[in-house]
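*Asks:* Here you go, sequence then predicted model.
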Amino acid sequence: MKIIDQIYINGQFVKPLGTEELELINPANKQVIGRVVLGNAQDTRLAIAAAKAAFKTYSKTTVKQRTDMLQRLHDALMNKFDQLTQATIEEYGAPVSVATMLTKLAADAFLHTKEVAEEYEFTRIAGKAKVHMEPLGVVGAITPWNANSTHIANKLAPAL
């Protein structure tokens, strides 16, 4: 049985302050395949504080640095393609063909966003004004448990 008792905050995996546990159930056979320790409100506050601190430097990155990051994220998903597909089969109950497609969609979200960012005009003229598209702040995203890598990637890629 898989136990997930780490959350990612401020660039590292840490044990959550929360203690509530949730069973992970394979919907295809209704078997408990694991448990996850949930973060709590304090974990959320720590994550938000870390994101705000990181934003100070991230907001100054170039388009090239961001598109390079999107490429690395795509590559990281492709390097774990089989594991992500298997997790989708177990946690979502998807058939292999659907799980494979969902994992590919997750990886491709980063490439698609990279392509858009490389061609996007971040400075535009609106009447007599010059408008600069620039980062404004931290984004919070809620994703469902099912097809998680796909939902995370499709929300994370444009935020980056």
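*Replies:* Good, I have the coordinates.
*Asks:* any idea how far residue 81 is from the nearest residue to residue 155 once chain neighbours are set aside?
*Replies:* Closest residue to residue 155 apart from its sequence neighbours, by Cβ to Cβ, 6 or more residues apart in numbering: residue 141 at 4.2 Å. Quick note: C-beta positions are derived from backbone N, CA and C, even for glycine. Counting by Cβ to Cβ, to the nearest Å, the separation of residue 141 from residue 81 is 23 Å.
*Asks:* These two: which has the busier surroundings?
*Replies:* residue 81 (15 against 10; other Cβ atoms under 10 Å).
*Asks:* contacting residues around the more buried one?
*Replies:* Taking Cβ atoms under 8 Å, 6 or more residues apart in numbering, we find residue 81 in contact with 103, 107.
*Asks:* go with 6 Å
*Replies:* By Cβ atoms under 6 Å, 6 or more residues apart in numbering, the contact list for residue 81 reads residue 103.
*Asks:* Run through the protein and note the low-pLDDT ranges.
*Replies:* 145-147 (pLDDT under 70).
*Asks:* mind listing the strands in it by residue range?
*Replies:* Along the chain, counting by DSSP state E, strands occupy 2-4, 7-9, 12-14, 21-26, 31-37, 123-126, 129-132.
*Asks:* Could I get these in JSON lines, plus columns for distance to residue 67 and mean neighbour count?
*Replies:* JSON lines is the format used below for the strands of the chain (distance: least, Cβ to Cβ, whole Å; neighbours: other Cβ atoms under 10 Å):
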{"stretch": "strand 2-4", "distance to residue 67": "31", "mean neighbour count": "12"}
{"stretch": "strand 7-9", "distance to residue 67": "23", "mean neighbour count": "16"}
{"stretch": "strand 12-14", "distance to residue 67": "25", "mean neighbour count": "11"}
{"stretch": "strand 21-26", "distance to residue 67": "34", "mean neighbour count": "14"}
{"stretch": "strand 31-37", "distance to residue 67": "33", "mean neighbour count": "15"}
{"stretch": "strand 123-126", "distance to residue 67": "17", "mean neighbour count": "9"}
{"stretch": "strand 129-132", "distance to residue 67": "18", "mean neighbour count": "9"}
